[in-house]
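J.: next comes the sequence, and after it the predicted model I'd like to discuss.
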Amino acid sequence: MSKIPEAILRFYDENSLDRGRKVLVCVSGGADSVCLMHAMRALFGEKVSVCHFNHNLRAGESDGDERFVREYCEKNGIEFFSGSGDVAAYASSHSIGTEDAARRLRYEFFGSVCGSGYIATAHSADDQLETILLRIARGTGLKGLCGIPPVRGNIIRPLLGVTRADIEEYISENSLTYRTDSTNLTDDYARNLVRHRVVPALRELNPRCAEHSENMAKALREDEKYLEEASNGELSFSELSALPYSLAARRLMAALPGLEHKHIKPILMMKPGDLLSVPGAVLRREWDELVIDPEKKTFAPVILSGNECEIPELGLKITKEDIISDVVHKSFTSFLFKKQKVCGNITVRPRKEGDAIRLSEKSGTKSLKKLFIECKIPAHERSAVPVICDERGVIAVLGIGSDARTHVKPGDESVKITFIKENTHDRERH
């Protein structure tokens, strides 16, 4: 008898989750997500809905995945949401890898349709092992060894405590069909290389290595939580000097997100009156206090009166064109606005006090101040985030999304605005 249902219920209880709350299950069509969809539906019934994001990376194969999930949901009476995005274009414009671009776009979509419920993804203990190994190979610390968090906001990962073998057993017991992503069969991506070559070698040493990696991550998350709380406090030199070096470093890095370990010792050695430049800020020591003066970035507003303009301060080029929309979901550097809903001139400017946006029909209006905090955009960078407005208000924010008022449907007359990075790299959002 498969242990999947029991593992999901235990996950809910261990993480104090509400079994009566709606949950949106993210389904690619692969074995892991099909297993999660089936088990969650069996456990929670109509509280479960399903979404699928089409990355448009594998031509007809991607469309086949979407069709497979859609037909399964129609056959079984499950509420279904779908979206798509131009992952390749997003990756190019943000100077990031395809995997990172796909992750950003799909989570943005998941958030736009989940409402007030949970978002459930099908990460397993095997995914946890692969993630930790990749982080070790690329360089990491304690936080990186904590792996994939079981819960982050409203995102939950109910299969994190089970292995891929457990999932395959459940699939077999319930005679479920699923799709196989052809790109998972090659070593073209770093994760596949780890999955196909490194993990099998570790399993020869210990067949339970995936379970052990999740147990380790769980224990380290508790350590990380304690150390994070222990490092809270004032940025006074008397307090910093009384702390163990690791806690002092944590306190400084929490206050200055761009800080690296190489900056910690020079900060702790500052004398009264000293100035020190670090990424994103200038630090001053005033007697016992460390004062942070952010280097604020901003730009001059531009009106999109023609087909092309620039924001030289940010190294951005903006293009505008009138088109007939043929898609619903786009990347977040290329926006489509329903032409008849756009009021007057379109302007690109920094955020102003009182700016707000409603990212989907199902969500409420949210201030940009609160949204930027949720997106962990440092305060000194917020005035450099382009806000797209018409004469009625905000219609989009670069890197975040567009307002529901101007959302398009296929066939709508639309205004397409695209941001192109010319010289410098975009800041990454986490």
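T.: Arrived safely.
J.: contact partners for Pro266?
T.: Leu276 (C-beta atoms under 8 Å, 6 or more residues apart in numbering). (Glycine included, C-beta is placed from N, CA and C.)
J.: where in the stretch 301-430 of the chain is pLDDT low?
T.: 327-332, 380, 422-430 (pLDDT under 70).
J.: now the strands for it?
T.: 302-303, 308-311, 316-324, 334-338, 347-349, 356-357, 366-367, 387-389, 394-397, 401-402, 413-421 (DSSP state E, counting those that start in this stretch).
J.: sheet partners, orientation included, of the fourth one?
T.: Neighbouring strands of strand 334-338 in its sheet, by DSSP bridges, are strand 413-421 (antiparallel).
J.: okay, buried residues for the partner strand please.
T.: By 16 or more other C-beta atoms under 10 Å, the buried positions in strand 413-421 come out as 414-419, 421.
J.: now Glu353. Nearest residue, chain neighbours left out?
T.: Lys369 (7.9 Å; C-beta to C-beta, 6 or more residues apart in numbering).
J.: that neighbour and Pro257, how far apart?
T.: 17 Å (C-beta to C-beta, to the nearest Å).
J.: spatially central residue for this protein, please.
T.: Arg104 (4.8 Å; C-alpha atoms, centre = their mean).
J.: Arg197: how many residues sit nearby?
T.: 10 (other C-beta atoms under 10 Å).
J.: nope, Asp86 is what I meant
T.: That count, for Asp86 with other C-beta under 10 Å as the rule, works out to 20.
J.: hmm, back to that, which one of the strands of the stretch 301-430 of the chain lies nearest to Asn56?
T.: Nearest of those to Asn56, taken as C-beta to C-beta: strand 334-338 at 13.3 Å.
J.: off-centre distance for the closest one?
T.: 21 Å (C-alpha atoms, centre = their mean, to the nearest Å).
J.: contacts for that strand?
T.: Contacts of strand 334-338 (C-beta under 8 Å, 6+ apart): 86, 89, 93, 323, 325, 327, 330, 346, 388, 395-396, 402, 406-409, 412-419.
J.: again, 6 Å this time
T.: 325, 330, 395-396, 402, 406, 408, 412, 414-418 (C-beta atoms under 6 Å, 6 or more residues apart in numbering).
J.: between which two of the buried residues of strand 413-421 is the distance greatest?
T.: Pairwise over the buried residues of strand 413-421, using C-beta to C-beta, the maximum falls at Ser414 and Lys421, 22.8 Å.
J.: now do the contacts for Thr177.
T.: Contacts of Thr177 (C-beta under 6 Å, 6+ apart): none.
J.: give me the pLDDT value at it.
T.: pLDDT, Thr177: 96.
J.: how close does it get to Glu71?
T.: For Thr177 relative to Glu71 (C-beta to C-beta), the value is 11 Å.
J.: again, but for Ser246
T.: Ser246 is 53 Å from Glu71, by C-beta to C-beta.
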